[in-house]
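K.L.:
here is a sequence together with a model predicted from it:
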Amino acid sequence: MGVDRREFLASVGGLGLGLGLGGISHWLPLGSPEVGPDWSPGREEFIPSTCMLCPAHCGIRGRVVDGKLVRIEGNPLHPINRGGLCPKGYAGIQLLYHPSRLTGPIERTGPPGSSEFRRVSWDQALGRVAKVLADLRSRGEAASVAWLAGDVSGIMDELLRRFTGVYGTPHLLREDYADGAARVMNLSQGIDAPPAFDLAASDLVLSFGVPLSEAWWSPPQAARARDAAAGRRPRWVQIDLRHSRTAARADQWIAVRPGTWGALAIGIAYVIMKEGLYDARAVHQRVRGIEDWTDESGQVVPGFRTLVQRHGRTEEIAERTGVPAATIVTLAKAFGTARRPVALWDQAVSWRAGGFADALAIHALNVLVGALNRPGGVLIQPALPAPTLEESSPSGLRPPGAGRDDLNAANWAERVASADAAPLNALFLYYANPVASSPVRDRVEAALRNIPLVVSFSPFLDESARYAHLVLPDHTYLERWQDAPAPASVPIPVWGVVQPIVPPLHETRATGDVILDLASRLGGEVGSKFAWSGVEQIVRERGQALSRAHRGSVLVPSFRREELRELQARGWWLPHGNTAEQFWEALRESGGWFDPYYDYHDWSAASQLPKGEVRIFPVEARNAIRAAAPHLAEGFLPLEKDRDAGVGDGSLLLVPYRVMTLASGTTALMPWLLENLGVLTGDAWETWAEINPRTGARLGLVDGQKVRIESGAGAFAARLRFYRGAQPGLLNVPYGLHMEVEGWGSARASNPLRAIGGRKDTVTGLPDWYSTRVRIVPA
Amino acid sequence: MPRWGMVIDLDRCNGCQACEVACRVENNVAVCGPEAARENRTISWMKVVSEVHGEWPDVHTRFLPRPCMHCDRPPCTAVCPVRATSIDDEGIVGQIYPRCIGCRYCANACPYTVKSFNWRKPIYPESTKPMLNPDVSTRPVGVIEKCTFCHHRLLRARDRARAERRPLREEDYVPACVEACPTGAITFGDLDNPDHRVARLVRNPRAFRLLEELGTKPKVYYLAEEH
Amino acid sequence: MSDLERLADLPQDQRILLTPLVRTTRWFWMWTAVLAAITLWGGIAYYLQLRYGLGVTGLNTPEYWGIYIICFVFFIGISHAGTLISAILRISNAEWRRAITRSAEFITVLVIAFGAVQPILDLGRPDRVLYVLLHGQAWSPLLWDVCSIGLYFTASSIYLYVPMIPDLAVIRDLKIRPRWLYWFLAIGYQDSPAARRVLQKIIAFLAVAVIPIAVSVHTVIAWIFALTLRPMWHSTIFGPYFVVGAIYSGIAALILAMAILRRVYRLEAYFKDIHFNNMGIMLLLMSLLWTYFTFAEYLTAWYGGEEAELATFWSKLAGPYAVPFWLMVISCFIVPLALMCRRATRGVWGTSVASAFVVLGMWLERFTIVVPTSVHPRIEMHHAGYMPSWVEFSIMAGTFSGFILVYMAATKFFPIISLWELQEGREESIREVSERVQSYLPDTVEVART
Ligand SMILES: Nc1nc2c(c(=O)[nH]1)N[C@H]1C(S)=C(S)[C@@H](COP(=O)(O)OP(=O)(O)OC[C@H]3O[C@@H](n4cnc5c(=O)[nH]c(N)nc54)[C@H](O)[C@@H]3O)O[C@H]1N2
Ligand SMILES: Nc1nc2c(c(=O)[nH]1)N[C@H]1C(S)=C(S)[C@@H](COP(=O)(O)OP(=O)(O)OC[C@H]3O[C@@H](n4cnc5c(=O)[nH]c(N)nc54)[C@H](O)[C@@H]3O)O[C@H]1N2
Ligand code: SF4
Ligand code: SF4
Ligand code: SF4
Ligand code: SF4
Ligand code: SF4
Ligand SMILES: [Mo]
């Protein structure tokens, strides 16, 4: 018995002691947590450059420790993003170190579309390309060579133009997916550039569906415009089809029915005109087309006032747009009485049949309130005060006139795929992945099969590269030289320099350098026009040229920006060193160049038309619309009731949209972004489709279900998500997940554009992405 | 002794998620992948949560960036059986990964659901290893991790200040998410130091804390939306 | 002479009760094989979990705890069958206890062991489990739990072992194999009135000591939940609620065990109808108590109307967890009440059926406590949910079968009914009880004369 009692006591005691010791163990000097053996404090440096993941071109800084890039952060000196970045900018580092990067040039050994490639040397690869190019040129078939380029700007753009021009092909196909705003500017003001919006100085921003906080041309420009630290807080009104992220945090959001942007703008103009809230002085001085006039043929042409009175009556507009009449009136009064109001639009408006008329109507609001060329209004980004390649060393060669078959980015696939058209003998894909991003994938694939030499410059074996005969991988933007002008939406010129933050990780080559190399291999006339040692030299020369502009400055801290503006207003500038070389060094170390001064007195920036006039809803535009789309009333307003219905017989209207976490293509390769793709619905790693819960329930669908979404043009798969912010009857689908390469956590993505197809707006030739009817089939 | 805290202005936050990704980069947060996303196992030290209310068209949304609240009375540290998580003198609630036994009691005790567990072995593909931040250790499978207020940045800032023989300044210690926010919605500093902006901001009438009624005394404050 | 033959001449109790120790049927081996296979399967599942981490389970954020913790609470609850019930019966001198204490105590000891491994199965880093002792942090309820379960296990083991010593001595003296085992376990005990007296004293002491320990065990487990600020966990009645639930499930488990033992080892003479009837009454009582607590708990959550509480509340009553919830109500309230409130259904079958329901229902009760609260954190998340994976189910099946296996093995080595206590009952209790009853009756009073 005693044994047991002892055992019992001993174990109780032991346990107690153990626990007691345990309880105080944190007071005992225990070993510190393990530190990896490879840890070292490291040598740290910060190298400025520019983010190239989307057109915004934000200033970045790489934190490099012992030669390795360990973080990308915003460059605080950059006047647009001022130290902030969007999530993509931070994740960019995952692109650099992505396990699936191509490590050198490869040549396809398998059938087109397969992933069977073998490594070749740069010399072999370039030799092969140069030979084909030389042969074609000598046979007089230079025009059968085409380049398809995605998002290109600055020096790369100039290089491509020059190369194609000197080589002798008109086929530089630009897949730039413009929003057509340049055409609006051209017709109303005679200016061949897209508008810039001075968001930061505006006090009322009226956005017609522009996803300012999600995509747009420069999300950081929009974000910083509300920077309360700068003591500003413009009022934002977001008009949208869906409760978007932008709508969620706007000061006011107004839900509108699809296809009624223009109608709403007309409704607002009606109130403004009726109440006399427009800028009478500006309108009187500059604007043509307000009142009715008689044209050469003696016909009375209704002026803007008449049109608005005829079609803009508040009750009718309220009924058409779904926006309550009181809201329209209040909004119009606010817009008419604000000091610096501005109205914005982009693809959301223009990429739709009838979108051009809508865009004109929206811009008419800017014209009415005198928002042109004034702080907080619509400006035009001044050109960079440095000569272009053509200006500094003329190639002397005019690009030949229109090429065969009038190929362009929109029709090439169709033309080349159908055997009857004149064939292309070589196609170069630069920053373009049409197999994945084009709505007509099958056509693109067929076209690529038809071309004897397809060369891709993608750093990854993307969908289109798998059809290429050769892939000559580019450096990523973190390893190469380039320049990065700010997008046109920014009212001041900003020239970001892109410089290697780390030396190239692989045997890749910057495509600009490859072009120079190809030119010298072609030799003769072509070679002599490309005498630069590399893109680096071109970038440096341009930077040095800026020192002679006697304007602007290398990037400076925020407190000096105001100072600089003041100086410039008096005709001074900041020199930064005595020589061009010193200036260049200062520029490189700051990350770029900018010029904060905008000359509001120079009206030629607002209008190039005779007498500086501004045409409101210009007659050429009306004629163009009437010719191409006779169903629009007075070449002006979509009035048939069923026009909202869209194309096809499905019960839902498809609304593709972009999420902040994805820019075109390549960003889908950065897993960090995919981990929380859609902040509003909490979806990740896959394509989802948002539907209003009531619509969903009516159709007998369940939240979270896998579905197929079909239209006449095609179909795609998605996970259905009930979302209160979806307009009843609409189906919102994020796009941008189209690109996939094997390797690192592939997304389960599908491309909603497959259901949209290649339809175009007949007036502008812009894509028509917002009028597709779809139906949902449970998968 | 400073008491580090954060103020997030919900009026300015537009849910861009830059803070989320910047935190991932800074703290070597592993990629969990699509499987994990479907299973709710993604690791996020900072997570922007959206709260959507109302019915079409009267829908309202608020974005709530949610790091660890670094509670002054943290319910998570009390329950840890091995003291793998604890609050330090400056109010930062830290984790000791090599000691954590992975019981997830702290995760359950946290009313804010900010703790992430390594359900699977985190994968860092070979080619991505050079980009790991050398200041932050990676985590093994089976342990809890969460926002540390970028504590390593405090250590570095303090070292630098000491080397330069000057006191630590407000702008020396800035966590990655604060630095990243493009709308300037996040402010960070010493709540007890009247010179720091956070100390002023928490007296703003818009200031509130999450689940204040629980008495956990979070050191992350929010400023309510103005509309 | 074989062991079996040697038993033939013994008195009835010893003959019948020791037979399982020496004779093993084919059926037994078959069951052993089946259960061993399931246990092995569970072992393989656990190996996978060790190898690939808890990712192989269905657990997630915020569903941090699932099957393992449910089983933990469940098993530890069942453990209240033995020690606690037997101690109460002993202290209250309930004479009908004599046949059932041993089987009950066995359940306790074995089930605690299986319960105690559950949290270890649940650990992300089982390799670091000893850190709990090394770096123990005394404020953690988990540490309290380690203490109380450790203590409970130790105490219950002793409480099982000490009263078994006289029987072990008998077996040793009968030279039943394996002789070394019984020789060792009997620790040289020689029956004598003096030895018995010491024994009785120790048992009496243990019986008293074990009750607070048992109560503390389940209270502390309840505190693991109640001391967090989670809706429908953060509740003061959780301690007693868990204890009541534990005893409830313990009784049910014991009834089931008795019914099975009775059938398998032909113990009809020992586990009599009256035993089931009495246990049935206790089941009824606990069912009412449990229902009362449950009602109080849910009423408080609902009436208060706090948003976070309501989210959890409605998910149980009318949401995704309605099926387990209402199944629980049926199993723990309606069925036992209906069957146990009538004498006619308080027989072997009636109580067994009711107990089966209660055991299932109490597992579901733990499920409805752990899961709905977990998936409803105060800050709502998109798309939270929990579906246990096959690994968890396999490990759960493995632990259940492992427990039954070990219990079966125990019946093969130890008499499942206490020999000496029965004997004592026959020899002394009848006299004692009549004396006791006598002592309850009014004394004869001399009539006062006026
Ligand atoms: N985050 C991010 N930023 C980007 C990019 C990116 O991919 N991601 N890409 C960059 C590039 S290349 C471009 S071209 C721009 C494009 O940027 P945006 O023009 O800004 O294009 P989307 O983001 O597609 O915005 C489409 C919007 O159109 C709305 N929509 C508007 N009108 C209609 C209509 O009449 N009918 C229907 N059905 N829907 C309508 C939808 O609600 C949706 O919000 O963004 C640039 N910036
Ligand atoms: N599904 C879907 N389709 C879309 C869109 C969408 O968001 N989703 N967006 C539409 C719009 S607005 C546009 S602008 C187009 C864009 O369509 P594309 O112009 O085809 O652009 P991406 O699809 O982004 O593909 C860009 C390609 O460039 C390669 N690339 C990446 N980095 C580099 C580099 O540094 N150098 C070189 N040489 N190549 C590089 C990538 O591998 C990728 O294959 O797509 C349109 N179509
Ligand atoms: S907005 Fe565009 S340029 Fe700026 S950081 Fe994001 S992806 Fe890069
Ligand atoms: S927020 Fe959660 S994890 Fe952070 S200190 Fe508070 S309780 Fe702990
Ligand atoms: S999971 Fe780790 S940190 Fe959390 S309570 Fe358990 S041991 Fe402590
Ligand atoms: S403070 Fe640091 S660790 Fe915490 S969320 Fe921000 S970046 Fe992440
Ligand atoms: S970075 Fe700033 S604005 Fe963007 S989600 Fe985070 S807190 Fe909000
Ligand atoms: Mo684009």
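P.N.:
Okay, I see it. Ligands and ions are numbered 1, 2, ... in the order given.
K.L.:
drop to CA atoms for contacts and neighbour counts, all remaining ones
P.N.:
Noted.
K.L.:
phi, psi of the residue positioned nearest the centre of chain B?
P.N.:
In chain B, the centroid-proximal residue (Cα atoms, centre = their mean) is residue B:67; its distance is 3.1 Å. With angles defined as degrees, to the nearest 10, residue B:67 sits at phi -90, psi -170.
K.L.:
could you find the closest non-adjacent residue to it?
P.N.:
For residue B:67, ignoring the flanking residues on the chain, the nearest one in space by Cα to Cα, 6 or more residues apart in numbering or on different chains is residue B:46 at 4.4 Å.
K.L.:
my guess is the one you found contacts residue B:29. True?
P.N.:
No: using Cα atoms under 8 Å as the test, residue B:46 is too far from residue B:29 to be in contact (10.5 Å).
K.L.:
overlap of the contact sets of these two?
P.N.:
residue B:23 (Cα atoms under 8 Å, 6 or more residues apart in numbering or on different chains).
K.L.:
need the per-residue pLDDT for the residue of chain B positioned farthest from its centre.
P.N.:
Relative to the centre of chain B, and counting by Cα atoms, centre = their mean, the farthest-placed residue is residue B:57 at 33.7 Å. With respect to pLDDT, residue B:57 scores 89.
K.L.:
same question for residue A:354.
P.N.:
pLDDT, residue A:354: 82.
K.L.:
what of residue A:525?
P.N.:
Residue A:525 is assigned a pLDDT of 87 by the prediction.
K.L.:
kindly report the same for residue C:201.
P.N.:
92.
K.L.:
am I right that it is in a helix?
P.N.:
Yes: looking at residue C:201 with DSSP: H, G, I helix; E, B strand; the rest coil, it is inside a helix.
K.L.:
and stretch C:186-197, what's buried?
P.N.:
Within stretch C:186-197, the residues that qualify as buried by neighbour count (16 or more other Cα atoms under 10 Å in any protein chain shown) are C:186, C:189.
K.L.:
enumerate the residues of chain B near ligand 5.
P.N.:
Contact residues (Cα under 6 Å from any ligand atom) of chain B with ligand 5: B:79-85, B:100-106, B:143-144.
K.L.:
show me the shaky parts of the stretch 1-150 of chain C.
P.N.:
C:1 (pLDDT under 70).
K.L.:
give me the number of residues near the one residue in it that gets nearest to ligand 5?
P.N.:
Closest contact between the stretch 1-150 of chain C and ligand 5, by Cα to the nearest ligand atom, is at residue C:124 (7.8 Å). Residue C:124 has 28 neighbouring residues, counting by other Cα atoms under 10 Å in any protein chain shown.
K.L.:
which stretches of chain B form helices?
P.N.:
B:18-26, B:33-38, B:75-79, B:105-109, B:151-163, B:176-180, B:197-201 (DSSP state H).
K.L.:
tell me which of these sits nearest to chain C.
P.N.:
helix B:75-79 (4.1 Å; Cα to the nearest Cα).
K.L.:
show me which residues of the stretch 101-250 of chain C sit near ligand 1.
P.N.:
Counting by Cα under 6 Å from any ligand atom, the stretch 101-250 of chain C has no residue next to ligand 1.
K.L.:
try the stretch 201-350 of chain A
P.N.:
A:209-211, A:214-217, A:240-242, A:258-259, A:346-349.
K.L.:
just give the closest residue to the residue farthest from the centre of chain B, not the sequence neighbours.
P.N.:
Leaving out its chain neighbours, the residue that sits closest to residue B:57 by Cα to Cα, 6+ apart is residue A:255, at 6.3 Å.
K.L.:
if I look at that neighbour, how far off is residue A:325?
P.N.:
Distance from residue A:255 to residue A:325, counting by Cα to Cα, to the nearest Å: 13 Å.
K.L.:
more neighbours: these two, which one.
P.N.:
For residue A:255 versus residue A:325, the count of surrounding residues by other Cα under 10 Å is larger for residue A:255: 24 against 18.
K.L.:
element containing the residue in chain C that chain A sits nearest to?
P.N.:
In chain C, no residue comes nearer to chain A than residue C:136, which is 4.0 Å away by Cα to the nearest Cα. For residue C:136, there is no host helix or strand (DSSP states H and E).
K.L.:
ok, residue C:69 next?
P.N.:
helix C:67-78.
K.L.:
which strands and helices lie in contact with that helix?
P.N.:
For helix C:67-78, the elements it packs on are helix C:101-122, helix C:193-226, helix C:238-264, helix C:348-374, helix C:390-413, judged by 3 or more Cα pairs under 8 Å, 6 or more residues apart in numbering or on different chains; DSSP states H and E.
K.L.:
show the contacting residues for residue C:365.
P.N.:
Shown in contact with residue C:365 (Cα under 8 Å, 6+ apart): C:324-325, C:328.
K.L.:
now these as a markdown table including pLDDT and neighbour count?
P.N.:
Converted to a markdown table, those look like this (pLDDT from 0 to 100; neighbours: other Cα atoms under 10 Å in any protein chain shown):
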| residue | pLDDT | neighbour count |
| --- | --- | --- |
| C:324 | 96 | 18 |
| C:325 | 97 | 22 |
| C:328 | 96 | 24 |
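K.L.:
how about the contacts made by residue C:6?
P.N.:
Taking Cα under 8 Å, 6+ apart, we find residue C:6 in contact with residue C:174.
K.L.:
low-scoring stretches of chain B, by residue?
P.N.:
Ranges of chain B meeting pLDDT under 70: B:227.
K.L.:
would you mind listing what in it touches chain C?
P.N.:
When proximity is defined by Cα under 8 Å from any Cα of the partner chain, chain B lies next to chain C at B:39-41, B:49, B:75, B:78-83, B:99-104, B:107-113, B:116-117, B:119-121, B:141-143, B:214.
K.L.:
which of those residues are close to chain A?
P.N.:
B:49, B:83, B:99.
K.L.:
among the residues you listed, who's most crowded?
P.N.:
Among those, residue B:83 has the most neighbours (other Cα under 10 Å), with 25 neighbours.
K.L.:
kindly provide the distance from that one to ligand 1.
P.N.:
42 Å (Cα to the nearest ligand atom, to the nearest Å).
K.L.:
that residue and residue C:53, how far apart?
P.N.:
As judged by Cα to Cα, residue B:83 and residue C:53 stand 22 Å apart.
K.L.:
next: residue B:26.
P.N.:
25 Å.
K.L.:
ok, residue C:264 - how many residues close by?
P.N.:
If you count neighbours by other Cα under 10 Å, residue C:264 ends up with 14.
K.L.:
repeat that for the one 4 residues further on.
P.N.:
Neighbourhood size, residue C:268 [other Cα under 10 Å]: 14.
K.L.:
check what pLDDT the residue nearest to it when sequence neighbours are not counted gets.
P.N.:
Excluding its sequence neighbours, the residue lying closest to residue C:268 (Cα to Cα, 6+ apart) is residue C:262, at 5.5 Å. In this model, residue C:262 is scored at 90, pLDDT.
K.L.:
and residue C:262, what does it touch?
P.N.:
Applying Cα under 8 Å, 6+ apart, the residues near residue C:262 are C:268, C:270-271.
K.L.:
take those and keep only those in helices.
P.N.:
Using DSSP H, none of the contacts of residue C:262 sit in helices.
K.L.:
could you dump those residues to a markdown table with pLDDT and distance to ligand 6?
P.N.:
Shown next, in a markdown table, are the contacts of residue C:262 (pLDDT from 0 to 100; distance: Cα to the nearest ligand atom, whole Å):
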| residue | pLDDT | distance to ligand 6 |
| --- | --- | --- |
| C:268 | 86 | 67 |
| C:270 | 86 | 66 |
| C:271 | 88 | 63 |
